[in-house]
Each structure stands twice: as structure tokens, then as C-alpha cells.
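Chemist: show me how the following folds:
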Amino acid sequence: MNAEARSRKWARLNHILIPKSKAARDRVRATRIGRAFNLMFSLWGSLTDEGRTLSIVLPLAAGVAIDVQRTNAYFVPAILFGLLVGSFFAARRLKLDRTTVVVNAPRRVTIGDEVTFSVTCRREAGADMAVRVRGPFLPWDGTWTGPPAEELFLQGGESATTTMRARFIARGMHHLDPFTAAAVAPLGLACGPHKESDGAKVWVVPRVADVARLPLAIATKHQPGGVALASKAGESMDLLGVRPYRRGDPVRDLHARTWARTGKPAVREYQQEYFTRVGVIVDLGFRDAERLESAIELAAGVVARLSRGEALIDVLVVGDVIHELTVGRSLGYLDQALELLSAVEQGPRLRAESLVKRLEPHLAQLSTVFAIVSPEAAEKHLLEERLRDHGLACTTIVVDDDLARAIADKEALSW
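Modeler: Below you'll find the predicted structure:
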């Protein structure tokens, strides 16, 4: 187990009592124990960083000055306590009325990369106030990076923006709790009642492996009707060339330039469109979670590589789930496939017969299949045979230790 895997394991253990999803966290907050913890944390949350530091130093100062008969040092903790309590009660009156908090974040970010949250506070009217913005408690795989958010100075009728940065080390949808903004009391030890934003959603998608080349010997099939975005109505056609006009040819197919050049009418001639529709299969039966991550990155790289060519990625099979999508030839979006891959977890071993049976509705239109499997997949050769029996070209890629290492080192991969 490498250092990254160990850090992920410890991060999970540190958050073992905290629910992963926002819905589960909301259910816990609604319980009696959750409400009690909420009250305790709201008191702590009403202090600024300086106020929290002072509240930690205060018991230490009181311990030093406990002998009030021999020293006058008890004045120090008394004054500190007075400042802290005074700031706390003074902050209760600093309400951010007619103020809105809006968070903007990218829809998706690659695992391990920094994501920037822009927090904008707008005050419709009222006195000028100094405002501090705080981010939510992050899930187990998230950490705040960079300096804390800058203190904002809000004037009536104006808005101000600050940024916060975080990094996530696990794939999937991250639904964060609201960001908060609160006015700062004099001396900067406490904050008033806070205003909340809406929750923020971020897809953390896998890295895309650098796939430089895939097999060129890919089967093609006739596709009646072409693709959804074909420019010609009815059967989609490719332009074959220009030939002399014959009686009965559609007038719309006349080629004006050739007619003008030769003096004889000519028409455009079309042929039925042939192209490649691809299926990508990802085996989830990996015993090693790190190898599964490599397989997902490789699947993302294969989809990205194919989407830049003339092929259409029509089906993405992840374990037992078949996702229909159309990526490639300027159709669909690679991000759609990345979001599907981001939610993948370890699953059962590859079963060739049942998988091919579920794929039967799609086999007539598919031309080729790329299967990304684990070394433990005993039926990978049977899967190849069954797909070839249906007239499909099949390329099986086994993610062993060497390939996983090459993916981790970001090497250019080719087959």
C-alpha cells in the first residue's frame, strides 16, 4: 500500500462517524442528539479564528493565575474572559438583513486538482459591515487549501466576492453544505448571526489516461438513418461524387458549379453512411482498489481518444449497468462519460454470458468493443468469443501491475 492509499484509509477512519451524503447528514441533524450538537457547534462557530484562539488560551491563563492570594495574574484571564463574552453578546446585534450569499463553483473537477469556490455577498441596504465567509465542513476526502477567505467590507447596495479553494481525493458527486457569511464584531473576536448560501455540488471525475493509439482494424457497419444530428433528412448519406444528370434525378441534387464548368447538368451522388459504433466495457471485479482506479482512468482515456476520431461511443458498460450514450463526431460530451465513471465502485466479477445477453439489444448496431478487465477475470476470453460470434471486433485490455504503473506515471499508452 503506497502513501496515497494509506492517507485515504486514515482520512476515512477519521470521518467514520460522519455520514457521507448530505441527505444522511440532514437526517442526523434532525435528531435530538443532532440538535444538541448543532447548538454546541453554533456557539463555537460564532467565534472568529482569533476568538477561538483566545478561548483556548484562556483556560491556560486561568490555570497559571489560580493562586489569587499570591499573585495578581488573575486579572489577565478575567480581562480576556470579559472581552470574549462582551464580543459574543455584541455580535448578536449584528444581523445581515437584506443580504444574500451566492456560491459559484465549476460543475466538475478532476480528482486531486484544486477547485475554486467564489462566494459573493450582496447587501441591498443598511450600514456598512465587515463580513467573514466560512466554508462548510468537508467530507472525508476533502481539505481546504490556500489562505482563508479574505474579510469583505459590505456597503449598502453593493456586493463583494472572495474565493476559497479545496481539493478532493475521491471520485463521485460531492454535495457540500452551505457556505456562511457573518458580520464581525469590534475587536474581531466573534461574529453575528450568519447568512447561508445554497449548497454547492461538484462532480469529482477521474483522471484521463493518455491513450495515444488504439487498434486501427475496427469493424464498420451500415447505419440506416445515420446519427441524430445528420444534416440530411431520412437516410443519412456520405457524398460519393458528381455524375451527369439522368432523367428522374432530384432537382435539389443538381451541382451548379459542375454544370457551369462543363455546360452539362450534373448531380451530386451519395452513398449510405458507414461508420464505427463502439462499446466500452469496464470490469469492476478488481480485488485491489488501486487497480480499479487505474482501470477507470484507462476507460476515461479510451473514451476520450475515441471521441476525438470518427467513431461513436454508443454504450458504456460499467459492471452490470449499461449506459446508453453517444459520444464522438461532435455528438454528446466526454464529460457525460466522466460523470458516469466517477460514481463507480468495486463490484462482482465479470460474467460473459449474462453480459452479452444484456447487450443483445445493442449488438446489431455496435461495430467493436473495448473491454477493460482485471487479471482475475476468468471469463475474459469467453467474452471475446461471444462478441466475435456476433460479428464484433473485440479488444481486451488487462489492467495488470505494469499497466497500472504506466497509468500512474502518466505514460502515453498505445495498442
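
Chemist: please count neighbours and contacts with C-alpha atoms only from this point.
Modeler: Fine.

Chemist: which residues of the stretch 251-400 of the chain score low on pLDDT?
Modeler: 270-275, 310, 326-333 (pLDDT under 70).

Chemist: ok, 50 please
Modeler: Under the criterion pLDDT under 50, the flagged ranges of the stretch 251-400 of the chain are 272-273, 330.

Chemist: just the strands in it please.
Modeler: Along the stretch 251-400 of the chain, counting by DSSP state E, counting those that start in this stretch, strands occupy 266-272, 274-275, 277-282, 312-318, 321-327, 368-373, 393-398.

Chemist: need the winner for burial among those.
Modeler: Neighbour counts (mean count of other C-alpha atoms under 10 Å) averaged over each of these peak at strand 277-282, with a mean of 25.

Chemist: thinking again about what came up before, residue 27 is nearest to which of the strands of the stretch 251-400 of the chain?
Modeler: Of all the strands of the stretch 251-400 of the chain, strand 321-327 sits nearest to residue 27, with 29.3 Å by C-alpha to C-alpha.

Chemist: which residues touch the closest one?
Modeler: With C-alpha atoms under 8 Å, 6 or more residues apart in numbering as the test, strand 321-327 has contacts from 307, 312-317, 332-334, 337, 359.

Chemist: now that strand and strand 312-318, what's the angle there?
Modeler: 160 degrees (axes from the mean of the first three to the mean of the last three C-alpha atoms, to 10 degrees).

Chemist: so what strands line up beside strand 321-327?
Modeler: strand 312-318 (antiparallel) (DSSP bridges).

Chemist: and the partner strand, C-alpha only, in CSV?
Modeler: C-alpha atoms of strand 312-318 as CSV (Å, rounded to 0.1, in the frame of the first residue of the first chain):
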residue,chain,number,x,y,z
LEU,A,312,-19.2,6.9,-31.9
ILE,A,313,-19.0,5.6,-28.3
ASP,A,314,-22.6,4.3,-28.1
VAL,A,315,-22.6,2.1,-25.0
LEU,A,316,-20.6,2.3,-21.7
VAL,A,317,-21.0,-0.9,-19.6
VAL,A,318,-19.8,-0.5,-16.0
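
Chemist: tilt between that strand and strand 368-373?
Modeler: Going by the same axes, to 10 degrees, strand 312-318 makes 30 degrees with strand 368-373.

Chemist: what residues are up against the nearest residue to residue 377 once chain neighbours are set aside?
Modeler: Of all residues not flanking residue 377 in the chain, residue 350 sits nearest, at 6.0 Å (C-alpha to C-alpha, 6 or more residues apart in numbering). Going by C-alpha under 8 Å, 6+ apart, residue 350 touches 283-285, 319, 377-380.
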